[in-house]
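# I'd like to go over a predicted model; first the sequence, then the structure.
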Amino acid sequence: MPETNRERRQQAYREAIRLKVCSVCLDSRDDLSCSLGGRVCAIEGHLSQLVEALSGIDSSRIDPYEEAVRALVCSDCEQQDEQGQCRLRNKGDCALESFLPFVVDAVEDVNQRLALEGEPRAGEPAQVKGPSS
Ligand code: SF4
Ligand code: SF4
């Protein structure tokens, strides 16, 4: 079955995260595969929401990205309790939380590449190419 546009984009984000985030994460193996046992990394498990949350922000500070992750990803994550507490976050054991600047960098890199190819950012409608003038 041919790969859809969405799958191709998801794969591009996955690959950028592997190179920019897994490469600095202590839970990665030499080939950058993930050695986490018993749970899925929050970056992988919430990739679509994560990309959408980060793509709506353009800031030189990390705080707005953190706020977006808390609001759109943590709020839907099974690790966070009803009081908004997350055991993994408190232990520094969530890669998304620990490596957020690297995750932002990876997502923004892919977004820039997609923009150059005329693809919309996550959450934006596709551009309709008009007749050339
Ligand atoms: S925990 Fe997440 S960031 Fe770390 S190696 Fe696994 S998938 Fe990559
Ligand atoms: S910090 Fe906790 S609640 Fe937020 S994504 Fe990571 S594991 Fe999930």
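Perfect, I can see it now. Ligands and ions are numbered 1, 2, ... in the order given.
# where in the protein is pLDDT low?
1-2, 120-133 (pLDDT under 70).
# around ligand 1, pick out the residues from it.
Within reach of ligand 1 by CB under 6 Å from any ligand atom, the chain has these residues: 21-22, 25, 27-28, 34, 36, 41, 43-44, 95. Where C-beta positions appear, they are placed from N, C-alpha and C, glycine not excepted.
# out of these, name the ones that lie in helices.
Counting by DSSP state H, the part of the residues of the chain next to ligand 1 found in helices is 43-44, 95.
# can you pick out the most distant pair from the residues of the chain next to ligand 1?
V21 and L36 (12.9 Å; CB to CB).
# D27 reaches R39, doesn't it?
No: if you go by CB atoms under 8 Å, D27 and R39 don't touch, sitting 10.6 Å apart.
# quick one: end-to-end length of stretch 87-94, please.
9 Å (CA to CA, to the nearest Å).
# give me the buried positions along it.
88-89, 94 (16 or more other CB atoms under 10 Å).
# how far off centre is it?
In terms of CA atoms, centre = their mean, to the nearest Å, the centre of stretch 87-94 is set 18 Å apart from its chain centre.
# what about it, near ligand 2?
Yes: Stretch 87-94 reaches ligand 2 (CB under 6 Å from any ligand atom) through 88-89, 94.
# let's have these in JSON lines, adding distance to F102.
Below are those laid out as JSON lines (distance: CB to CB, whole Å):
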{"residue": "L88", "distance to F102": "17"}
{"residue": "R89", "distance to F102": "17"}
{"residue": "C94", "distance to F102": "13"}
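# contacts only, for Y13.
47, 51, 106-107, 110 (CB atoms under 8 Å, 6 or more residues apart in numbering).
# pick the one among those closest to ligand 2.
L47 (11.4 Å; CB to the nearest ligand atom).
# contacts for stretch 78-88, please.
Taking CB under 8 Å, 6+ apart as the rule, stretch 78-88 contacts 42, 74, 77, 89, 93-94, 97.
# so which of the residues you listed belong to helices?
Checked against DSSP H, the contacts of stretch 78-88 include these in helices: 42, 89, 97.
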